[in-house]
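Student: sequence plus predicted model, see below.
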Amino acid sequence: HTFPWLQGTVLKDVYVDHHFLYHVFLIPFVRLFNPLVGIKVATVLFGAGALTMLYAVLRVLRVSYPGFWTLLAFTSTGFLYRLNLAKTPGISVFFLLLGLWLIIKYSLSRPVGLRQARIFYILFFILNFVYVWLYAAWPFLLVFTIIWWLAFFILGHRNVYPMPLCGIGGIVTGLIINPFFPENIQFMWWLVVRIGLINYREILNVGNEWRTLPFLDFVGSSFMVFTATILDIVLALLVLRRVYKSRQSKILVNLDYRRIVLWTALLVMTLLVFAGTLKARRNLEYLVPFEAITAALGITLWSQFFRLSLRRSIKDILHLPWLKFSTVIVPFLIAMMLVFAGLVRHITLMAQGLHSGFSIKSYEPIAKWLAKHTPAGAVVLLSDWDLFPMYFYLNDHNYYVEGLDPTLTYLKDPELASAIVKVWRGQA
């Protein structure tokens, strides 16, 4: 496969559509509506599906107030902004959370019969296969599956290995049985390692989504979810301290060790995605769901622990009606009001950010002029690489030097990439 419209990039000779299934899913929307309207409709539905799947994961974990925790994710400006982009975040988060739902359902359903276990294995295999065809975010699900397996393996559960094997098998099969095989293997290396992990933002004008997210900016955009995560960790440390000092390990076991193991795996994954988000802000779309799920499960577990360890004293206190009202209902109402206030504020900020964009129509006169006054295939150097999607949509008569990501140019010709940066900076 080739893509001659990007002459200065590796895609000219090795083209891979790593959003293949996403584009397939868009077909009915762009057929039924104007393409620009259809993709907006699809984005809304995919985002709604992601949030519905978040609620489903919280329900299967049996956390307290799953609706509350789903709303808490809504209070993150960055998360909502990413879900509203006419790109893959919404449907990618949906598939990631669907994978988590399968793993959690399998974990909490044990022991399961052989027939039921096979259904889990087949579904997980298919999910990973489809995720590879959908988008290049499948490593997130792979990493969590391995962390989950290690957590149960360390506790002595040797018979949980089929799930990670099915996940890896689905990924390998999806990479090999692929419309773009074998070029997709090299492309995934470029995308995941060279662009995602190494990142050349020090020498290239990469997109903002690949740039570092300052810690204070992150806290400001996801304050309530971040606060809940910190509270969860603090409560976990208090539980460990109480267990250690009072030898109440039996009470800890009563909390359902499987959910504690799941919480541990989720916390490790949350910390890894948090580190990735500080490196590249685009990972916020995956961090916020992990934070919400981890905090919801942890706070549910630790509150149960304190109820168990202090059962008699709490029971005596809550027999007093006014104390029951002041210690349960009032804090709950205050928390709901804070969440609602945060929800309104962040949705307002997100709406302002989305409305501060630009209209594709502003590029139409230039694109049409180029199509009319230049020969077919004439190569155009745009004033910025991220203008390519708009010009390509309006004018596929011309070819372009670079687009989608400047790293794709750097991988093909580092000298050309450096020269383009100098032109943009007025140095050449």
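Tutor: Sure, I can see it.
Student: what residues does stretch 24-41 touch?
Tutor: Counting by Cβ atoms under 8 Å, 6 or more residues apart in numbering, stretch 24-41 makes contact with 42, 86, 91, 360, all of which sit outside it. From N, CA and C alone the C-beta is placed, and that goes for glycine too.
Student: any idea how far that stretch is from the chain center?
Tutor: Computed by Cα atoms, centre = their mean, to the nearest Å, the chain-centroid distance of stretch 24-41 equals 23 Å.
Student: distance between the ends of that stretch?
Tutor: 15 Å (Cα to Cα, to the nearest Å).
Student: mean confidence for that stretch?
Tutor: In this model, stretch 24-41 has a mean pLDDT of 91.
Student: poorly predicted segments of the stretch 201-350 of the chain, please.
Tutor: Within the stretch 201-350 of the chain, the stretches with pLDDT under 70 are 243-256, 306-350.
Student: which residue ranges of it form helices?
Tutor: 215-221, 223-246, 249-253, 257-279, 284-309, 311-317, 321-324, 330-355 (DSSP state H, counting those that start in this stretch).
Student: tally of neighbours for Lys361?
Tutor: Lys361 has 9 neighbours, counted by other Cβ atoms under 10 Å.
Student: swap that for Leu165, please
Tutor: Neighbours of Leu165 using other Cβ under 10 Å come to 14.
Student: how about the helix or strand hosting it: buried residues?
Tutor: Using DSSP states H and E, Leu165 falls within helix 162-176. Neighbour-count burial for helix 162-176, with 16 or more other Cβ atoms under 10 Å as criterion, is recorded at 162-164, 166-167, 169-171, 174-175.
Student: ok, those residues vs Leu108, which is closest?
Tutor: Met163 (13.2 Å; Cβ to Cβ).
Student: what's near enough to touch that closest one?
Tutor: Counting by Cβ under 8 Å, 6+ apart, Met163 touches 103, 106, 120-121, 124, 145, 148-149.
Student: what's the farthest-apart pair in the residues you listed?
Tutor: Counting by Cβ to Cβ, the most remote pair of the contacts of Met163 is Tyr121 and Trp148, 14.5 Å apart.
Student: look at these two and report which has more neighbours.
Tutor: Trp148 (26 against 19).
Student: is it true that the more buried one touches Ile103?
Tutor: Yes - counting by Cβ atoms under 8 Å, Ile103 is a contact partner of Trp148 at 5.8 Å.
Student: which non-adjacent residue is nearest Phe29?
Tutor: Taking Cβ to Cβ, 6 or more residues apart in numbering, and ignoring the residues beside it in sequence, Phe29 has Gly38 as its nearest neighbour in space, at 3.6 Å.
Student: could you count how many residues lie near the one you found?
Tutor: Neighbour number of Gly38 under other Cβ under 10 Å is 18.
Student: how about the strand or helix carrying Ile147: buried residues?
Tutor: Following DSSP H and E, one finds Ile147 within helix 138-154. Residues of helix 138-154 classed as buried: 138, 140-142, 144-145, 147-149, 151-152 (neighbour count, 16+ other Cβ under 10 Å).
Student: and it, what does it pack against?
Tutor: helix 89-109, helix 114-134, helix 162-176, helix 257-279 (3 or more Cβ pairs under 8 Å, 6 or more residues apart in numbering; DSSP states H and E).
Student: what is the neighbour count of Pro414?
Tutor: Neighbour number of Pro414 under other Cβ under 10 Å is 13.
Student: and the helices and strands packed on helix 138-154: which comes nearest Leu382?
Tutor: helix 89-109 (24.8 Å).
Student: would you mark the buried spots in the closest one?
Tutor: Result for helix 89-109 [16+ other Cβ under 10 Å]: buried residues 89-107.
Student: same deal with stretch 183-193?
Tutor: The neighbour-count check on stretch 183-193 (16+ other Cβ under 10 Å) flags 183-184, 187-188, 190-192 as buried.
Student: repeat that for stretch 400-419.
Tutor: Buried-residue list, stretch 400-419, by 16+ other Cβ under 10 Å: 400-412, 416-417.
Student: CA atoms only for stretch 181-199, dumped as PDB, please.
Tutor: Taking Å, rounded to 0.1, in the frame of the first residue of the first chain, the C-alpha atoms of stretch 181-199 are listed here in PDB:
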ATOM      1  CA  PHE A 181       0.600  -7.000   6.700                       C
ATOM      2  CA  PRO A 182       3.600  -7.100   6.800                       C
ATOM      3  CA  GLU A 183       4.000  -3.300   6.600                       C
ATOM      4  CA  ASN A 184       1.900  -2.800   9.700                       C
ATOM      5  CA  ILE A 185       4.500  -4.400  11.900                       C
ATOM      6  CA  GLN A 186       7.100  -1.800  11.000                       C
ATOM      7  CA  PHE A 187       4.500   0.900  11.200                       C
ATOM      8  CA  MET A 188       3.400  -0.100  14.700                       C
ATOM      9  CA  TRP A 189       7.000   0.100  15.700                       C
ATOM     10  CA  TRP A 190       7.200   3.600  14.400                       C
ATOM     11  CA  LEU A 191       3.900   4.600  16.000                       C
ATOM     12  CA  VAL A 192       4.200   3.000  19.400                       C
ATOM     13  CA  VAL A 193       8.000   3.300  20.000                       C
ATOM     14  CA  ARG A 194       9.400   6.100  17.800                       C
ATOM     15  CA  ILE A 195       6.400   8.500  18.000                       C
ATOM     16  CA  GLY A 196       4.800   7.400  21.300                       C
ATOM     17  CA  LEU A 197       7.600   6.400  23.600                       C
ATOM     18  CA  ILE A 198      10.700   8.200  22.200                       C
ATOM     19  CA  ASN A 199       9.000  11.200  20.800                       C
END
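Student: distance from the chain centre to that stretch, please.
Tutor: That offset, for stretch 181-199, works out to 18 Å (Cα atoms, centre = their mean).
Student: likewise for stretch 74-86?
Tutor: 11 Å.
Student: and if you look at stretch 40-47?
Tutor: 16 Å.
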